[in-house]
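Q: model this:
(chains A and B)
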Amino acid sequence: MHEYSIVASLIDRVQHEATVHGGSRVHRLHVKIGELSGVEVDLLKTAFDTFRERTICAGAELAIDTVSPAWACPSCDRSLAAGAILRCDDCGRPARMVQGDEIILERIEMEAPDV
Amino acid sequence: MCETCGCGDPEIVPIEVQERILSDNDAQAAHNRSHFHGLGVLAINLMGSPGAGKTAVLEATSRAAAGCLKLGAVSGDLATERDADRLNAAGIVSSTITTGSACHLDARLVHHALHHFPSNDRDIFFIENVGNLVCPAIYDLGQAANVVTLSVTEGEDKPLKYPVMFQKADLVLLTKVDLIPHLDFDVAAVEDALARVMPEAEMLKVSAKTGEGIDAWLQWLTERRPAEVERPPEGHGHHHPEHSHEQPHEHH
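A: Now for the predicted structure:
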């Protein structure tokens, strides 16, 4: 259940941004979570709903953009299907993950009269 | 004014961040990495299920490396110091990170353990993570390589079931291979599963009981050791030759 520790880091970061920008109430957080990041979206939501109370994020919505994994050959850029052997048939090189392991805070929508 | 959703609320502003949520952990891990680099030590993050044989592999490693390499370890454990006790008895200078209910180590916990570690002249430093095939994979600790132990009694499909852990692995140690004659375990099937989740799939078959494969494992470690560096004198905690501390903290 590392989702609780991720939410703790998330709220700390939002508090930091609120302090920097003179923000008060946070309306919405936009996060991007890869399906192979190791973060379960449902658990993240539950953890956020539990931890947001009495923080800068009280009442805020967590908008989660999930990202499906994609792999490609670093030489010829050929994409590899999920579940395939992760090596390029043509070049023989190990594939590189293009997307799917993101754990990113993209944007905060907050009331910030100073901005 | 809100330009994102068009709600027209003049006070709601979008603040662009676009950063990893665990950026604090990443910064601490970079700090740890520079500690290890400065000490010329190879740091290995050893992960795997509870009972996969992490501690037993380290005991066997110590037997094989006796007289050649100085080994150190910190062991993440929820409640006991049993692993560190076993490792100390096996000749590996060890301490415990008791995590309470936490299911993984993070870079801050490892940093704290480094500051209290009794020796700074180790050649290889193992971070024996909490037994868990999920959570530890997410946290960079400052290691040079991730090694995942998978025991033959766990089944061939574990890499497909826990892809996040195996995709982060630089090496998989297939442990307890002395048991294969007693099991319906298909080594080719686990190799196939690894190739579907691990781009540069590399696996070594080992047995801590018979010593099979331990020399190849030791060879793998030796090849990754950093070039010789001038070490600070022993006995005053660890030394910080070439990195800055953005957040001041005490060095003991």
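Q: Where is the longest helix in the chain?
A: As the question left the chain open, I've gone with chain A. Ranked by residue count, the top helix of chain A under DSSP state H comes out as helix A:3-21.
Q: Chain B is the one I meant
A: Max-length helix for chain B by DSSP H is helix B:23-39.
Q: Grab the nearest non-local neighbour of the residue nearest the centre of chain B.
A: With distances taken as C-alpha atoms, centre = their mean, B:N45 lies nearest the centre of chain B, 1.0 Å away. Nearest residue to B:N45 in three dimensions, chain neighbours excluded: B:Q143, at 3.8 Å (C-beta to C-beta, 6 or more residues apart in numbering or on different chains). Bear in mind the C-beta positions are built from the backbone N, C-alpha and C, glycine included.
Q: Please enumerate the helices of the stretch 151-252 of chain B.
A: Under the criterion DSSP state H, counting those that start in this stretch, the stretch 151-252 of chain B contains helices at B:158-161, B:163-167, B:187-197, B:214-223.
Q: Would you point to the one among those that's packed deepest?
A: Among those, the stretch with the highest mean neighbour count (mean count of other C-beta atoms under 10 Å in any protein chain shown) is helix B:163-167, at a mean of 23.
Q: Might you list the low-confidence residue ranges for chain A?
A: Counting by pLDDT under 70, not a single residue of chain A qualifies.
Q: Need the phi and psi values for the residue located most distally from the centre of it.
A: Residue farthest from the centre of chain A, counting by C-alpha atoms, centre = their mean, is A:D90 at 33.0 Å. With angles defined as degrees, to the nearest 10, A:D90 sits at phi -80, psi -50.
Q: and the helices of the stretch 151-252 of chain B as a markdown table, adding mean pLDDT and distance to A:G100?
A: Converted to a markdown table, the helices of the stretch 151-252 of chain B look like this (pLDDT from 0 to 100; distance: least, C-beta to C-beta, whole Å):
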| stretch | mean pLDDT | distance to A:G100 |
| --- | --- | --- |
| helix B:158-161 | 96 | 16 |
| helix B:163-167 | 96 | 9 |
| helix B:187-197 | 97 | 12 |
| helix B:214-223 | 97 | 28 |
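Q: now these as a markdown table including distance to chain A?
A: Formatted as a markdown table, these follow (distance: least, C-beta to the nearest C-beta, whole Å):
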| stretch | distance to chain A |
| --- | --- |
| helix B:158-161 | 8 |
| helix B:163-167 | 4 |
| helix B:187-197 | 5 |
| helix B:214-223 | 18 |
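Q: which one's the longest strand in chain B?
A: Criterion DSSP state E: the longest strand present in chain B is strand B:12-20.
Q: Run a quick neighbour tally on B:K168.
A: As a burial measure, B:K168 scores 20 neighbours (other C-beta atoms under 10 Å in any protein chain shown).
Q: now the strands for the stretch 101-250 of chain B?
A: B:124-128, B:145-151, B:171-175, B:203-205 (DSSP state E, counting those that start in this stretch).
Q: Please identify the buried residues of stretch A:54-68?
A: A:56-57, A:60, A:62, A:67 (16 or more other C-beta atoms under 10 Å in any protein chain shown).
Q: Okay, and which of those map to strands?
A: A:62, A:67.
Q: Tell me the one of the buried residues of stretch A:54-68 nearest B:R196?
A: A:V67 (19.4 Å; C-beta to C-beta).
Q: From chain B, how far off is that closest one?
A: 13 Å (C-beta to the nearest C-beta, to the nearest Å).
Q: For the longest strand of chain B, give me every contacting residue.
A: With C-beta atoms under 8 Å, 6 or more residues apart in numbering or on different chains as the test, strand B:12-20 has contacts from A:13, A:17, A:21, A:23, A:27, A:103-112, A:115, B:1-4, B:26.
Q: And for stretch A:103-110?
A: Contacts for stretch A:103-110 (C-beta under 8 Å, 6+ apart): A:6, A:10, A:13-14, A:17-18, A:21, A:23-34, A:37, A:39, A:65, B:2, B:4-5, B:12-22, B:138.
Q: Dump the C-alpha coordinates for that stretch into CSV.
A: Presented in CSV, the C-alpha positions along stretch A:103-110 are these (Å, rounded to 0.1, in the frame of the first residue of the first chain):
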residue,chain,number,x,y,z
ILE,A,103,3.8,9.0,-11.7
ILE,A,104,3.5,12.6,-12.4
LEU,A,105,1.8,15.7,-11.0
GLU,A,106,0.9,17.7,-14.0
ARG,A,107,-1.2,20.6,-12.9
ILE,A,108,-2.9,22.1,-9.8
GLU,A,109,-6.0,24.2,-10.1
MET,A,110,-6.2,26.5,-7.1
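Q: which parts of chain A sit against chain B?
A: A:1-2, A:5-6, A:9-10, A:12-13, A:17, A:21, A:23, A:27, A:31, A:36-39, A:71, A:83-87, A:94-97, A:101, A:103-113, A:115 (C-beta under 8 Å from any C-beta of the partner chain).
Q: Keep only those of the contacts of strand B:12-20 that are in helices.
A: For these, secondary structure assignment (DSSP H) places A:13, A:17, A:21, B:26 in helices.
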